[in-house]
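[1] Predicted model, plus sequence, below.
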Amino acid sequence: MKSGLKKIPILNFGTFHMGFTNDENKVEFDEHNKKNQEEVHKIAKMLSEFKPTVILVETRPSYNDKLQSLYKKYVQNPEMKFKNPNEVELLAYELGRLSETKRIYGIDHKMSYNYKIGSEIDNKIDAVMHDNYYANPFAFYREIRNDRGEKSLLNRLKMTNHDEFLDFLITVNADILTHVGSDKGFEGADEAAKYYQRNLRMYSNLNRIKLNENDRVFILMGASHTAFFRDFISRSPKYKMVNTFDYLK
């Protein structure tokens, strides 16, 4: 990329999974509830002020033809019903419709890792820290601990996209595993590296998308991926991070 070329703005937005998920930790949310759907659409309207030309979501690239086909049908008929809607159908499609976005792609890359490794081996590195952390991880984050009561969907997503919560998601999913290992082994760090690798591969999928300096990119993913992308984008010579809270008001 030529020096001084205009960076491509990215609105990197984290959410919980609003429909079915294989994730160990799930948020209670009835994706079929009309009021919930209306709340999601209000948030989509706020975010549509960003006016993305491209939307990226947490589905595999192999699903792109189906993803784009359903999106086009939704744009033509926003009253269409999805059997099991998730954040893509509820939020990304509505955001794209309001923004008149033409392109939508998936950038997910599946990889498994064992974040429970600390309870499965004789941990010789720092079992006290590891065990205390997982016993009550929010005890280590005062702002998150004091801000976890019953919330509207908007306030829940605001909390999710704050830097402290994004930092927490990287630690709880990966970095705390560096406290796990045998006498001469790095079993925890090796598992954490798999989660870093998955996110780096997802970031590589972003880089496969053909973009130019006039594009504006909205990314919708589970927030742990948003956290990694925040770090990658903040150092990027190609992209620039847009402040989520300029739009999520």
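    Good, I have the coordinates.

[2] only C-alpha atoms for contact and neighbour calcs from this point on.
    OK.

[3] could I have the host helix or strand of residue 132 exported to CSV, CA atoms only?
    Using DSSP states H and E, residue 132 sits within helix 127-135. Provided in CSV are the C-alpha atoms of helix 127-135 (Å, rounded to 0.1, in the frame of the first residue of the first chain):
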residue,chain,number,x,y,z
ALA,A,127,-2.4,-22.9,39.7
VAL,A,128,-3.4,-20.4,42.4
MET,A,129,-3.8,-17.5,39.9
HIS,A,130,-5.5,-19.7,37.3
ASP,A,131,-8.0,-21.2,39.7
ASN,A,132,-8.8,-18.0,41.5
TYR,A,133,-9.4,-16.2,38.3
TYR,A,134,-11.8,-18.8,36.8
ALA,A,135,-13.6,-19.1,40.2
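
[4] And it, what's buried?
    For helix 127-135, the buried set under the neighbour-count rule, 16 or more other C-alpha atoms under 10 Å, comprises 127, 130, 131.

[5] Let me see the residues that make contact with the top strand by length along the chain.
    Longest strand in the chain by number of residues (criterion: DSSP state E): strand 8-15. The set of residues external to strand 8-15 that reach it, using C-alpha atoms under 8 Å, 6 or more residues apart in numbering, is 50, 87, 157, 160-161, 212-227, 229-230, 238-244.

[6] now the angle from the helix or strand following that strand to strand 8-15?
    Where DSSP H and E defines the elements, the next helix or strand beyond strand 8-15 is helix 34-47. Computed with axes from the mean of the first three to the mean of the last three C-alpha atoms, to 10 degrees, the direction of helix 34-47 lies at 160 degrees from that of strand 8-15.

[7] hey, C-alpha coordinates of helix 34-47 in CSV?
    Extracted C-alpha coordinates of helix 34-47, given in CSV (Å, rounded to 0.1, in the frame of the first residue of the first chain):
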residue,chain,number,x,y,z
LYS,A,34,-41.0,-9.3,18.7
LYS,A,35,-39.8,-6.7,21.3
ASN,A,36,-36.3,-8.0,21.2
GLN,A,37,-36.3,-7.9,17.4
GLU,A,38,-37.5,-4.3,17.5
GLU,A,39,-34.7,-3.4,19.9
VAL,A,40,-32.1,-5.0,17.6
HIS,A,41,-33.5,-3.0,14.7
LYS,A,42,-33.3,0.3,16.7
ILE,A,43,-29.6,-0.5,17.2
ALA,A,44,-29.2,-1.3,13.5
LYS,A,45,-30.6,2.1,12.7
MET,A,46,-28.1,3.8,15.0
LEU,A,47,-25.2,1.9,13.4
